[in-house]
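A.B. asks: coordinates only, no sequence provided:
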């Protein structure tokens, strides 16, 4: 999807009457590049608000390896907002009918289908899309922005082996430290920027 198609998607998603937290979930797929089930089954115990870090346990990952997602400012804002909707549920995205179980993964597919069908009905150039297309879109935009391919593969939780995997892990750790610049705040003081993520993508996908 292009940035213009993303804009159309959000415009029409707001018109189909879906809930705020479902729109937030769709946006998180773009911002975090995780798989649909990895998002819908997330529990609050996986989110470290202090470090702006989401750690998905290996049991929930396709490759059976734990996956760390460094959250951008916007992703953090969404998680904070979702916390107010969770109603005490252990799940970030609980079912609207039973807060003790997660949202059905089919919910996101239904919302996306309703969105592109309405857009197409009104003559908008928005092709059929689903959750995986958002993941692929995020990857494409990061590649076009010039980000390191190995890092993007790591963000996607694609398995890398051998020396290449070790080098990539070290580079990611070093890059994360370098991105933790000091953020000026009023009064001549500054504070560490703990929130690290796909900031260019974050800006592009603002509401």
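C.D. replies: Okay, I see it. Remember, predicted model here, so these are calculated numbers, not experimental data.
A.B. asks: if I look at the spatially most central residue of the chain, how far off is residue 127?
C.D. replies: Using CA atoms, centre = their mean, the residue of the chain that lies closest to the mean C-alpha position is residue 32, 2.6 Å off. From residue 32 across to residue 127, the span is 23 Å (CB to CB, to the nearest Å). For glycine as for every other residue, the C-beta is placed from the backbone atoms N, C-alpha and C.
A.B. asks: same check on residue 20?
C.D. replies: Distance from residue 20 to residue 127, by CB to CB: 25 Å.
A.B. asks: same check on residue 143?
C.D. replies: Residue 143 sits at a distance of 20 Å from residue 127 (criterion: CB to CB).
A.B. asks: number of residues surrounding residue 31?
C.D. replies: Using other CB atoms under 10 Å, residue 31 has 23 other residues around it.
A.B. asks: helices of this structure, start to end?
C.D. replies: 3-13, 20-32, 36-40, 73-85, 105-121, 131-144, 149-155, 162-179, 199-204 (DSSP state H).
A.B. asks: mind putting those helices into JSON lines with distance to residue 48 and mean pLDDT?
C.D. replies: Formatted as JSON lines, the helices of the chain follow (distance: least, CB to CB, whole Å; pLDDT from 0 to 100):
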{"stretch": "helix 3-13", "distance to residue 48": "28", "mean pLDDT": "92"}
{"stretch": "helix 20-32", "distance to residue 48": "14", "mean pLDDT": "89"}
{"stretch": "helix 36-40", "distance to residue 48": "16", "mean pLDDT": "92"}
{"stretch": "helix 73-85", "distance to residue 48": "10", "mean pLDDT": "89"}
{"stretch": "helix 105-121", "distance to residue 48": "24", "mean pLDDT": "95"}
{"stretch": "helix 131-144", "distance to residue 48": "22", "mean pLDDT": "86"}
{"stretch": "helix 149-155", "distance to residue 48": "18", "mean pLDDT": "74"}
{"stretch": "helix 162-179", "distance to residue 48": "14", "mean pLDDT": "49"}
{"stretch": "helix 199-204", "distance to residue 48": "19", "mean pLDDT": "39"}
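A.B. asks: okay if I get those helices as a markdown table plus distance to residue 56?
C.D. replies: Putting those into a markdown table (distance: least, CB to CB, whole Å) gives the following:
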| stretch | distance to residue 56 |
| --- | --- |
| helix 3-13 | 24 |
| helix 20-32 | 10 |
| helix 36-40 | 6 |
| helix 73-85 | 14 |
| helix 105-121 | 15 |
| helix 131-144 | 14 |
| helix 149-155 | 12 |
| helix 162-179 | 16 |
| helix 199-204 | 19 |
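A.B. asks: those helices: which one's closest to residue 55?
C.D. replies: helix 36-40 (11.4 Å; CB to CB).
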